[in-house]
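In: Dropping the sequence and predicted coords here.
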Amino acid sequence: MNILVTDKMAEEALTVLKDAGFDVIYDEIDADTLLKEIGKYDGLMVRSRTKATTEVIEAGSSGNLKVIGRAGIGVDNIDIETAGKKGIPVVNSPTGATASVAELTIGHMLTLSRHLALADKTMKKGEWAKKKLKGFELDGKTLGLIGTGNIGKYTAKLAQCFGMKIIGYDPFISKKDMSKDNIEKIEDLGKLMENSDYISLHLPHIPATHHIINKKMIEKMKPSSYLINCARGGTVDENALYNALKEGKIAGASLDVYESEPPENSPLLELDNVVLTPHLGANTKEGQIKAGTICANQIVKVLNGKEPEHCVNKKFL
Ligand code: 3PG
């Protein structure tokens, strides 16, 4: 059997597939070629660049396609419902990037609180902007987490080392479970927005979370507070965020993910009080090895007729 890998993948992940006896074809093909070629393959393995659309899945299912693997967490680039209805399991690696994303989140918090991006920019322009760049300690501040799953919890653990108080909004996690990680559960998202110095999102982009952070929510933030999104574009209304940043209604923001990636022509690119990174959350050596090998093992299980642990479209199969 053969597996088409269309996004940059850790070598270790490809080795798992090869060791299991599969032919691995690594080719970062474009959308049209994928549509034409997909039917020839038994498996497709992707990250977020490749879009496994309805058409791609239908073309694959009329051919040989039996499994789609997402070496990562977010499956918003895959039509998991159509795949399920066509009998194609979609598997992912929910824990592979936990440390990587949480560490990037903390990195962004420090970058914002100590103006590191602006410090670097002004130094390189020959300025010694020490007086302009007075920062804040994370110690004693409140971090509001929107989503307290694997990544949210790990972010809480790291932030606690900096002496931060953690509050969390997550309709799916009980007060008791949050308290095990020393996170105070907040039932009302608005209250979390009002009471946090730093707000960080750790949730998927699904219809229920689209623009969960909108104008109304941003207006609840303290003027001294910061917003960080290392989760998914589309959860934050970028227009509303731009207006708040432009008018100085909040202190700043950091974004790793965007409504459209790359965020070409976004007015956010012109602001100094926002720090932008190119969807780097899971982009570490270790994160890629973990995400890639977990996903590869799931693909191997499906193709060998075994039950995978991380199938995200079970209910449609
Ligand atoms: C994920 O959902 O796992 C992250 O957003 C990483 O996406 P990437 O694999 O495209 O870097």
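Out: Yes, it's here. Numbers count the residues shown, from 1 in each chain.
In: what secondary structure does the residue nearest the centre of the chain sit in?
Out: Closest to where the C-alpha atoms of the chain average out (CA atoms, centre = their mean) is residue 231, at 3.4 Å. Three-state assignment for residue 231 (DSSP: H, G, I helix; E, B strand; the rest coil): coil.
In: For it, list the residues it contacts.
Out: Contact analysis of residue 231 by CB atoms under 8 Å, 6 or more residues apart in numbering lists 101, 147, 151, 201, 202, 203, 204, 205, 257, 281. Just so you know, the C-beta spots here come from the backbone N, C-alpha and C atoms, and that holds for glycine as well.
In: For the second one, give me its contacts.
Out: This points to residue 147. 168, 169, 170, 201, 202, 203, 231.
In: Got a ChimeraX select line for the buried ones in these?
Out: Command for ChimeraX, covering only those of the contacts of residue 147 found buried under the criterion 16 or more other CB atoms under 10 Å:
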select :168,169,170,201,202,203,231
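In: need the contacts of residue 147 in JSON lines with pLDDT, secondary structure and distance to the ligand, can you?
Out: Output for those, formatted as JSON lines (pLDDT from 0 to 100; DSSP: H, G, I helix; E, B strand; the rest coil; distance: CB to the nearest ligand atom, whole Å):
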{"residue": "168", "pLDDT": "98", "secondary structure": "strand", "distance to the ligand": "20"}
{"residue": "169", "pLDDT": "98", "secondary structure": "strand", "distance to the ligand": "20"}
{"residue": "170", "pLDDT": "98", "secondary structure": "coil", "distance to the ligand": "18"}
{"residue": "201", "pLDDT": "98", "secondary structure": "strand", "distance to the ligand": "12"}
{"residue": "202", "pLDDT": "98", "secondary structure": "coil", "distance to the ligand": "11"}
{"residue": "203", "pLDDT": "97", "secondary structure": "coil", "distance to the ligand": "11"}
{"residue": "231", "pLDDT": "98", "secondary structure": "coil", "distance to the ligand": "8"}
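In: buried sites along the helix or strand containing residue 121?
Out: Per DSSP states H and E: residue 121 is located in helix 116-124. By neighbour count on 16+ other CB under 10 Å, the buried set for helix 116-124 is 116, 117, 118, 119, 122.
In: For residue 301, which residues are in contact?
Out: 91, 307, 308.
In: and the residues you listed, which of them are in strands?
Out: residue 91 (DSSP state E).
In: Which stretches in the protein count as helices?
Out: 11-19, 31-37, 54-62, 80-85, 98-113, 116-124, 150-161, 175-180, 189-195, 215-219, 238-246, 285-303 (DSSP state H).
In: What residues sit buried inside the shortest one?
Out: I take that to be helix 215-219. For helix 215-219, by 16+ other CB under 10 Å, it's 217, 218.
In: Now do it: which elements does it pack against?
Out: Judged by 3 or more CB pairs under 8 Å, 6 or more residues apart in numbering; DSSP states H and E, helix 215-219 is in contact with helix 189-195, helix 238-246.
In: Contact distance from the ligand - what residues of the stretch 51-200 of the chain qualify?
Out: Contact residues (CB under 6 Å from any ligand atom) of the stretch 51-200 of the chain with the ligand: 72, 73, 74, 97.
In: got these as a markdown table, with pLDDT, neighbour count and distance to residue 227 columns?
Out: As requested, those are arranged in a markdown table below (pLDDT from 0 to 100; neighbours: other CB atoms under 10 Å; distance: CB to CB, whole Å):
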| residue | pLDDT | neighbour count | distance to residue 227 |
| --- | --- | --- | --- |
| 72 | 97 | 25 | 23 |
| 73 | 96 | 26 | 21 |
| 74 | 95 | 18 | 19 |
| 97 | 95 | 26 | 21 |
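In: Pull the most distant pair out of those.
Out: Spatial extent of these (CB to CB) is set by the pair 74 and 97 at 9.7 Å.
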